[in-house]
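Chemist: fold the following for me, if possible:
(2 chains)
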There are 2 protein chains.
Amino acid sequence: MRAEIITIGDELLIGQVVDTNSAWMAQRLNEAGIELYRITSVHDDREQIISALDEAFRCVDLVLTTGGLGPTKDDITKHVLCDYFQTHLIEDQRVRTHIEALYKDRPDVLNRLTATQWMVPEAADILPNRVGSAPLMVFHHGPQMLVSMPGVPYEMEIAMTEQIIPYINNRRLHAESIPRSWGIIHKTLQVSGISESALAILLEPFELLCGAHLAYLPKDGIIRLRLSSYGEFTPQFMDHEFWHLKQCVKDYLIAETDEPLEVIVGRMLQEKGATIATAESCTGGKLGVLLNKHAGSSAFYKGTVVSYATSVKEQVLGVPAETIKAHTVVSEEVARTMAESVRKLLNTDYSIATTGIASATGGYTKDEVGTVWIAWATPNGTFAECFHLGKLRDQITDRACMKALIGLIKKLKTES
Amino acid sequence: MRAEIITIGDELLIGQVVDTNSAWMAQRLNEAGIELYRITSVHDDREQIISALDEAFRCVDLVLTTGGLGPTKDDITKHVLCDYFQTHLIEDQRVRTHIEALYKDRPDVLNRLTATQWMVPEAADILPNRVGSAPLMVFHHGPQMLVSMPGVPYEMEIAMTEQIIPYINNRRLHAESIPRSWGIIHKTLQVSGISESALAILLEPFELLCGAHLAYLPKDGIIRLRLSSYGEFTPQFMDHEFWHLKQCVKDYLIAETDEPLEVIVGRMLQEKGATIATAESCTGGKLGVLLNKHAGSSAFYKGTVVSYATSVKEQVLGVPAETIKAHTVVSEEVARTMAESVRKLLNTDYSIATTGIASATGGYTKDEVGTVWIAWATPNGTFAECFHLGKLRDQITDRACMKALIGLIKKLKTES
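Modeler: Alright, predicted model coming up:
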């Protein structure tokens, strides 16, 4: 089965909103064995929506649209779909009851505009939207199908997970004689410490022999290597190829999955029953945010001190003013003291500290920008390393977080 | 002038990477008075790329592609463009010198694969990529134009800013008789404290009379209202309509621009010569990261204490164990003490504290999830408020950050 996503909204095409929905939906589609053929973003414009629908139905079995379902005038998706599928709006009692219950304590929401939300296309299958007012609509177009969802990310995510994917699976089970294939398989590992071109040269013999498709995804100092099969290989074959790939890159291997590094760090710490804290200057708390990003992180993450101002380094983290004077704030000595101090202050097993120059302000020159000292305080001592991470503020801080996590993963691996 | 963006890469269509480039490029295009008609994402696949190019050249004057220019086998954009424009690769001495200089200290990068990067299509105008190895390519297709850029965000951003936009402007100046129009104008304001449907009812009279197009963009408890004109109105007319819109929503107005709230907060603090710190529990440091996100933030932001663990609340922030015992960690009393304590500890004029329940772990029930206490400590006293921010972890913490910033903006406004 092949799908296309059409995201609808002027805000996407003037750059006011980043389309995060499509990547999320793509993952769910792939997991369900559905290949995503294309993503198209169009304006809230009747002609453009219709032409995108025509184009999509020429290529795919399943069209997913997001956006344009709000109660305000600028949202036209429902009306355009009505015309496209030659149907009209009728009141849906079930949707009405649901919306009235959802907003029973919100008289400011239960008004005549919200009431337009329980008017639905007669020809569509209507699925409830558990967390919002715009219902999900499924249209059938011969053997093809179109699903229309709201563009608000968490509404779309709940709709996809709880309604749409089960609905599609159910339809496929009944209507389709599924061709014998092994499903879509992606297997990803992560390496670091080698350039993309050097890695490609290293992997030339592997690529010559490998049946599956290999892709390189470099970002923030890490290269993700992805092996993909679109139904042609068995899981066992893919495991075998993946094992070979791992052997080839073993000297640079950081992770054997596509999981974010902070998830891997979290699991390694939990396996040890160990805790962590961070002391951050240039990364501004980003490393801590990564470490506490996922539910359950309180099992290993205790806290962060962001010492953006030098006074905070001195007074909260106890870095001696003389150390700063002798070595400057961006130095091995300061990074080490920050790491050791936050480990003691927050009473953790591990800690990471960052101090660096993320922009040419505060008396720093352009040449100095990108210099970052990272220190790791562990039960086996404190380690520090200096990095040069580019010239752009966000790039420097994102890469510093990755270097910090990679360093910790390496240390945790050596210990175990 | 009308443009289409084609982003090329399997990683986009299996959801391994979120396309942040398109929104960034859309903003630059709009600023340059170029309307972005459509965004299409396709696989690293010859037929798909060619069909996307055909489709784009049917609709627009300018096609911008990103991605598929790496030195590895999975990247095919350059070869496909060569075929499409019936040209072939030749060595470019200028690009070669640039790449050799860029990587003079990196023998691991200067290898035969990287050498393929200085082979460029003969028919294209080649513009240097200041920060990477893949050169920018401009192809002419009658009066139409195609620009191919790398997909790495910071390479693309520097390329667009320094090379592509000036190149396009220069071409338009010489080649095009620009039709008399006023350019694309977007004017956005931000409101809070009213539902989208209630706002739309409030604005019905305005919409009846308003010449420009009005769009509603709700996110994280804020609704952005955007007025747009695609060349039909003068800047003065748009200012006038915008003034009317502001009058209509004045009771809910948070900001008169589309700037992120943390930028507005930063400017207000700097105007006062005031400083800020945060003490964060449920938001995990996200609020501090927002406040130090932009260059120059060290002028007003001093630091953050993320007290994820209760022990950190007690030992670093000095919240008495009895207070926690009497009121629980998610309470007005704890939020107030956190705010006052971090203000004192980091010696700032203002501080914000957050403590809330972001997931049903640690003994909390589903019903309790979403409860967040926020406190603001100011020179005029400490204020606290309780919010209920939904049921999803990221949604709760993102909304809490917005509520924290909105609260501070309101306080700073009243004071001045």
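
Chemist: any idea which element the spatially most distant residue from the centre of chain A lies in?
Modeler: Distance from the centre of chain A peaks at A:Glu322, with 42.7 Å (CA atoms, centre = their mean). A:Glu322 belongs to helix A:321-327 when assigned by DSSP states H and E.

Chemist: so is that helix next to chain B?
Modeler: No. Using CB under 8 Å from any CB of the partner chain, helix A:321-327 stays clear of chain B, coming no nearer than 15.1 Å. For the C-beta atoms, the positions are set from N, CA and C on the backbone; glycine is no exception.

Chemist: what does that helix contact?
Modeler: Helix A:321-327 is contacted by residues A:310, A:313-314, A:333-334, A:337 when judged by CB atoms under 8 Å, 6 or more residues apart in numbering or on different chains.

Chemist: any buried residues in that helix, and which?
Modeler: A:323-324 (16 or more other CB atoms under 10 Å in any protein chain shown).

Chemist: quick one: average pLDDT of that helix?
Modeler: Mean pLDDT, computed over helix A:321-327, is 95.

Chemist: one more: stretch A:47-56?
Modeler: Mean pLDDT, computed over stretch A:47-56, is 97.

Chemist: whether that stretch contacts chain B - can you check?
Modeler: Yes. Using CB under 8 Å from any CB, we find that stretch A:47-56 touches chain B at A:48, A:52, A:55.

Chemist: possible to save these as CSV with secondary structure and distance to B:Glu271?
Modeler: Converted to CSV, the residues of stretch A:47-56 next to chain B look like this (DSSP: H, G, I helix; E, B strand; the rest coil; distance: CB to CB, whole Å):
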residue, secondary structure, distance to B:Glu271
A:Gln48, helix, 43
A:Ala52, helix, 46
A:Glu55, helix, 51
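
Chemist: compare those residues and tell me which is most surrounded.
Modeler: Most neighbours among the residues of stretch A:47-56 next to chain B, by other CB atoms under 10 Å in any protein chain shown: A:Ala52, with 23 neighbours.

Chemist: go ahead and confirm that residue touches A:Thr40.
Modeler: Yes. The pair A:Ala52 / A:Thr40 is scored as a contact, 5.3 Å apart, by CB atoms under 8 Å.

Chemist: give me the common contacts of those two.
Modeler: Jointly contacting A:Ala52 and A:Thr40 under the rule CB under 8 Å, 6+ apart are A:6, B:38.

Chemist: buried residues in the least confident helix or strand in chain A by mean pLDDT?
Modeler: Least confident element among the helices and strands of chain A, by mean pLDDT, DSSP states H and E: helix A:165-175 (a mean of 79). Across helix A:165-175, burial judged by 16+ other CB under 10 Å covers A:165, A:167-168, A:171-172.

Chemist: and stretch A:192-209, is it in reach of chain B?
Modeler: Yes. Interface with chain B: stretch A:192-209 contributes A:194-198, A:200-201, A:207 (CB under 8 Å from any CB).

Chemist: quick check: which ranges of chain A have low pLDDT?
Modeler: Chain A contains residues with pLDDT under 70 at A:173-182, A:416.

Chemist: show the contacting residues for A:Asp74.
Modeler: Neighbours of A:Asp74 in contact, by CB under 8 Å, 6+ apart: A:10, A:44, B:213-216.

Chemist: among those residues, which ones are in helices?
Modeler: With DSSP state H as the criterion, helices contain A:Asp10 from among the contacts of A:Asp74.

Chemist: looking at the contacts of A:Asp74, spot the one nearest A:Tyr301.
Modeler: Distance to A:Tyr301 across these (CB to CB) is lowest for B:Tyr216, with 37.6 Å.

Chemist: the closest one - how many residues pack around it?
Modeler: Neighbourhood size, B:Tyr216 [other CB under 10 Å]: 21.

Chemist: and if you look at A:Phe206?
Modeler: Neighbours of A:Phe206 under the rule other CB under 10 Å: 16.

Chemist: isn't it right up against A:His244?
Modeler: Yes. When contacts are counted by CB under 8 Å, A:Phe206 is listed as touching A:His244 (6.2 Å).

Chemist: now the contacts of helix A:321-327 as a markdown table including distance to A:Ala23?
Modeler: Output for these, formatted as a markdown table (distance: CB to CB, whole Å):
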| residue | distance to A:Ala23 |
| --- | --- |
| A:Thr310 | 40 |
| A:Lys313 | 38 |
| A:Glu314 | 43 |
| A:Glu333 | 42 |
| A:Val334 | 38 |
| A:Thr337 | 40 |
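
Chemist: what's the PyMOL line that selects buried ones from those?
Modeler: Here is the PyMOL command that selects the buried residues among the contacts of helix A:321-327 (16+ other CB under 10 Å):
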select buried, chain A and resi 310+313+314+333+334+337
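
Chemist: between the contacts of helix A:321-327, which is nearest B:Cys248?
Modeler: The nearest one, if we look at the contacts of helix A:321-327 relative to B:Cys248 and count by CB to CB, is A:Thr310, at 46.9 Å.

Chemist: check contacts around the closest one.
Modeler: The contact partners of A:Thr310, by CB under 8 Å, 6+ apart, come to A:324, A:329.

Chemist: and whatever helix or strand comes next after the least confident helix or strand of chain A, what other elements does it pack with?
Modeler: Next helix or strand after helix A:165-175 toward the C-terminus (DSSP H and E): strand A:184-192. Strand A:184-192 sits against strand A:222-230, helix A:235-248, strand A:253-255, with contacts defined as 3 or more CB pairs under 8 Å, 6 or more residues apart in numbering or on different chains; DSSP states H and E.

Chemist: which positions within the longest one qualify as buried?
Modeler: Read that as helix A:235-248. Within helix A:235-248, the residues that qualify as buried are A:238, A:241-242, A:245, A:248, counting by 16+ other CB under 10 Å.

Chemist: ok, now stretch A:387-395?
Modeler: A:387, A:389-393, A:395.

Chemist: CSV for these, including distance to chain B?
Modeler: Putting the buried residues of stretch A:387-395 into CSV (distance: CB to the nearest CB, whole Å) gives the following:
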residue, distance to chain B
A:Phe387, 15
A:Leu389, 12
A:Gly390, 7
A:Lys391, 8
A:Leu392, 5
A:Arg393, 6
A:Gln395, 5
